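have a look; sequence and predicted model below, questions after that.
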2 protein chains.
Amino acid sequence: MKKCEIITIGDELLIGQVVDTNSAWMAEKLNENGIELFQITSVHDDREHIIAALNEAFSRADIVLTTGGLGPTKDDITKQVLCEYFDTQLIEDTSVRAHIHELYKERPDVLNRLTATQWLVPQNAEILPNRVGSAPLMVFHKDDKLLACMPGVPYEMKIAMEEQILPYIESRIKSQESGEIIHRTLQVTGIAESSLAILLENFENSMPAGLHLAYLPKDGIIRLRLSSYGELTETQMTQYFDQLKELTKDYLIAETDDPIEVIVGNILKARHQTIATAESCTGGKLASLLNKHAGSSAFYFGSIISYDNSVKEHLLGVPEEMIKAHGVVSEEVVRVMAESVRKQIGTDYAIATSGIAGPTGGSKEKPVGTVWIAWATPEGTTAECFHLGKLREQITDRACMKALVGMIKRLEVRS
Amino acid sequence: MKKCEIITIGDELLIGQVVDTNSAWMAEKLNENGIELFQITSVHDDREHIIAALNEAFSRADIVLTTGGLGPTKDDITKQVLCEYFDTQLIEDTSVRAHIHELYKERPDVLNRLTATQWLVPQNAEILPNRVGSAPLMVFHKDDKLLACMPGVPYEMKIAMEEQILPYIESRIKSQESGEIIHRTLQVTGIAESSLAILLENFENSMPAGLHLAYLPKDGIIRLRLSSYGELTETQMTQYFDQLKELTKDYLIAETDDPIEVIVGNILKARHQTIATAESCTGGKLASLLNKHAGSSAFYFGSIISYDNSVKEHLLGVPEEMIKAHGVVSEEVVRVMAESVRKQIGTDYAIATSGIAGPTGGSKEKPVGTVWIAWATPEGTTAECFHLGKLREQITDRACMKALVGMIKRLEVRS
């Protein structure tokens, strides 16, 4: 099986100004294409550092991918360093030049002398087109190994990978006889990681050497992943995965790695049903999860985000006396919120959240992290109280997961 | 200046199941504490791979931080590998044991024999408390270098870094005579990266050797960062930063690295003013940006997310005929949305978005990426049309940035 490494280049990654989201996306695509990603390394925009990272990566991997450092400005030096590394020089590429003129035909001010450096390319590189940006994609060969260089801008990188780099790797270097990388993931909730591991102990001990089980806990959900790097067949994998499903059936909420909001959306779409939200502490995060993915307009209709109490009263009809008597973080209030938004927007389901996301606003009875969630369904309204930790982002992320997991459970009642 | 490296351990990072958000957060904290982060390396849960990464990191850095692989399950092997690396064995730690019993006192099922492995620690490690989790923090010494190991769960890692690891580094290893790391960032919009670089060419050529300028374009905003690693004083840095502000004044939207939503929030808070949103294509993303940070309830009141047209009509009062005549993605519709939500929620300002996030729904006149945004203010309502690319996530992210940048401009009119 061919091994790959990713080198992400840019000072911004090493001072924490930018989160490297590219690598995870690339990793997933490589795996889908049967290429093992061995290591990810983030280095500075620095000549010696880039050269050292290239040498180390080539010593371990067959394919090296880099992102970043290809812009027209002075801090971007990747192209110059590659010329030195591969002992070559920059020459003008007329097709890149034509592409950049086309790209900026309505913005002549951008066709300046710095942009002109973008159509200078290393003489011994193969140039692949970057359909959506000005930095050309470059492929270099070193013995029987391959280096492909892409911009660091995520959407340019994604189009480059899907349309150019992965097909190139497929056609030139990927060994045809290598086995498949197979990952199968299920998701459970309502059990501690250590208790789950004890439940699965015999299963783990009986697994063959080429099969790996990983536990990935996050926001109250544990993803269990079985992985094989070319050693098991699909049929064998399915057998082990079925065993795992059977063993975890009391806690199982999903048989795929799909995000929970996708699972909710798929059930609703299949049933031609719809959903709305009324959010206080989650503040639109739940809405934005539900409509994050293409096709969500089929089931997600809208939301009322009632951060301030006046919005709960005037737009969601929560009585002022109810808030006075029970507080905004209460079963009574979330039930009214959920029922009101379901009725006003006219959906089959509605979810409401109200909680104390902190850092202030907590009390002894209702500490920071207390969240009430209600689900209004055709069968009636139910509500639950959760204690979701101490940190603002953690509380709101977990509240969204609880809301979605609760929705799956209520949808399953009807299935 | 002390050099640091981060090793993130976990197969999930290398198959793309999890985005490494920890490293950027840690990088920022290290920089704030005057420690240079030299490299980030992500490796598998694999004995040889972890050992190789440790050796490489120690060959370059004074401080090595690891995250991940400290759970009680079989796939987590970091602690065992460290015992081998530092030639030591696991022993029981009674204070960790007591902490874990306290942590799970209301969940006796979690106090099982796998959890019991969490209070076994390498004999020659210094143990620091993990206030919020079961995996103890471990510090090892190698010659005059230091290794600190933390869990990979983001909120556990954050508390560990802030409360234990950074103070430990500060007290034991950080050289007192080293200079400060200084980063100063401003943000501009409305100019291409290459044109900006030409504008700043003389400035860049006149910068002293210890000063670095970086360009970070994202979602239509370019962050310009000046960095010095111990070579400039604060006063010198301020001089260069002032020059940079003067040169970019026609495009300047922020003099800090604060997220744009924080800048909007700070202006509103200072003026005791409030804001609401009415969102179609951004679907709650703008609301959730505005209330992401602590203290947002002072200025953010609520939103109506009108994903479906029926919600635009019934909750925002957009006339059906208007939608028929102009389409939902139109100046007429966003103006009504903004004015309606401002009035209903009773805020000083309101922002409305309506656009085609794709992948379907585009037409020749209004292709995917077309977004109308309206700002309703005490001075009246204005609207603009944008073309924000082709990818769903990119379009909605950029729409949020355009909405917030537009808000800053409209707030500045009054300042």
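Structure's in. What do you need?

remind me which residues of chain A are low pLDDT?
Residues of chain A meeting the criterion pLDDT under 70: A:174-178, A:413-415.

name the single longest helix found in it.
helix A:392-412 (DSSP state H).

buried residues, that one. List them.
Buried positions in helix A:392-412, judged by neighbour count with 16 or more other Cβ atoms under 10 Å in any protein chain shown: A:392-408, A:410-411. For every residue, glycine as well, the C-beta is placed using N, CA and C.

out of these, who's near chain B?
A:392, A:393, A:394 (Cβ under 8 Å from any Cβ of the partner chain).

report the contact partners of the second one.
What it means is residue A:393. residue B:292 (Cβ atoms under 8 Å, 6 or more residues apart in numbering or on different chains).

please apply the same query to residue A:58.
Residue A:58 neighbours (Cβ under 8 Å, 6+ apart): A:64, A:142, A:145, A:147.

identify the farthest-apart pair in those.
A:64 and A:142 (8.6 Å; Cβ to Cβ).

among the two, which residue is more densely surrounded?
residue A:64 (24 against 12; other Cβ atoms under 10 Å in any protein chain shown).

what pairs with residue A:141 across the strands?
residue A:146 (DSSP bridges).

roughly how far apart are it and chain B?
25 Å (Cβ to the nearest Cβ, to the nearest Å).

neighbours around that residue, how many?
What residue A:141 shows, counting by other Cβ under 10 Å, is a neighbour count of 14.

residue A:56 sits in which helix or strand?
Using DSSP states H and E, residue A:56 sits in helix A:47-60.

how far off centre is the next helix or strand after that helix?
Where DSSP H and E defines the elements, the next helix or strand beyond helix A:47-60 is strand A:63-67. Distance, stretch centre to chain centre, for strand A:63-67: 20 Å (Cα atoms, centre = their mean, to the nearest Å).

likewise for stretch A:119-134?
Relative to the chain's own centre, stretch A:119-134 is displaced by 29 Å; criterion: Cα atoms, centre = their mean.

one step back: of the contacts of residue A:58, closest to chain B?
Using Cβ to the nearest Cβ, residue A:64 comes nearest to chain B of these, at 14.4 Å.

helices along the stretch 1-150 of chain A, start to end?
For the stretch 1-150 of chain A, the helices defined by DSSP state H, counting those that start in this stretch occupy A:11-14, A:22-32, A:47-60, A:78-85, A:94-103, A:113-116.

okay, buried residues for the third one please.
Okay, so that is helix A:47-60. Using 16+ other Cβ under 10 Å as the test for burial, helix A:47-60 gives A:49, A:50, A:52, A:53, A:54, A:56, A:57, A:58.

what angle separates it from helix B:47-60?
160 degrees (axes from the mean of the first three to the mean of the last three Cα atoms, to 10 degrees).

swap in the second one?
Orientation note: helix A:22-32 sits at an angle of 150 degrees relative to helix B:47-60 (the same axes, to 10 degrees).

helix A:22-32 vs chain B: in contact?
Yes: residues of helix A:22-32 contacting chain B under Cβ under 8 Å from any Cβ: A:23, A:24, A:25, A:26, A:27, A:28, A:29, A:30, A:31.

any chance of those residues in JSON lines, plus neighbour count?
Below are the residues of helix A:22-32 next to chain B laid out as JSON lines (neighbours: other Cβ atoms under 10 Å in any protein chain shown):
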{"residue": "A:23", "neighbour count": "25"}
{"residue": "A:24", "neighbour count": "23"}
{"residue": "A:25", "neighbour count": "16"}
{"residue": "A:26", "neighbour count": "24"}
{"residue": "A:27", "neighbour count": "25"}
{"residue": "A:28", "neighbour count": "16"}
{"residue": "A:29", "neighbour count": "17"}
{"residue": "A:30", "neighbour count": "25"}
{"residue": "A:31", "neighbour count": "22"}
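
quick check: the farthest pair among those?
A:23 and A:31, at 12.3 Å, using Cβ to Cβ across these.

any common contacting residues for those two?
residue B:16.

name the residues of the stretch 301-415 of chain A found near chain B, please.
A:301-308, A:310-311, A:314-315, A:344-346, A:358-360, A:389-394.

give me that answer again for 10 Å
Proximity of the stretch 301-415 of chain A to chain B, by Cβ under 10 Å from any Cβ of the partner chain, involves residues A:301-312, A:314-316, A:341, A:344-347, A:357-361, A:389-398, A:400.

show me those residues that map onto helices.
Short answer: these in helices (DSSP H) are A:309-312, A:314, A:341, A:344-345, A:392-398, A:400.

among those, which one lies nearest to residue A:42?
Closest to residue A:42, out of all of these and judged by Cβ to Cβ, is residue A:393, at 23.0 Å.

circling back: mind giving me the ChimeraX command for buried ones among the residues of the stretch 301-415 of chain A next to chain B?
Buried subset of these, written as a ChimeraX selection, criterion 16+ other Cβ under 10 Å:
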select /A:301,302,303,304,305,306,307,308,309,311,312,315,316,341,344,345,346,347,357,358,361,389,390,391,392,393,394,395,396,397,398,400
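
ends of stretch A:31-40, what's the gap?
Across stretch A:31-40, the terminal residues are separated by 14 Å (Cα to Cα, to the nearest Å).

just how off-centre is that stretch within its chain?
That offset, for stretch A:31-40, works out to 17 Å (Cα atoms, centre = their mean).

related to what we said a few turns ago, mind putting the ones next to chain B among the buried residues of helix A:392-412 in CSV, distance to residue B:105 included?
Output for those, formatted as CSV (distance: Cβ to Cβ, whole Å):
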residue, distance to residue B:105
A:392, 26
A:393, 26
A:394, 21
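
residue A:244: which of the residues you listed is nearest?
Ranked by distance to residue A:244 (Cβ to Cβ), these are led by residue A:394 at 28.0 Å.

if we can go back for a sec, and of the ones next to chain B among the buried residues of helix A:392-412, the nearest to chain B?
residue A:394 (4.8 Å).

quick check: residue A:132 vs chain B, distance?
8 Å.

how about residue A:220?
Distance from residue A:220 to chain B, by Cβ to the nearest Cβ: 12 Å.

one more: residue A:370?
Counting by Cβ to the nearest Cβ - residue A:370 and chain B are separated by 16 Å.

with residue A:179 instead?
Computed as Cβ to the nearest Cβ, the residue A:179 to chain B distance reads 16 Å.
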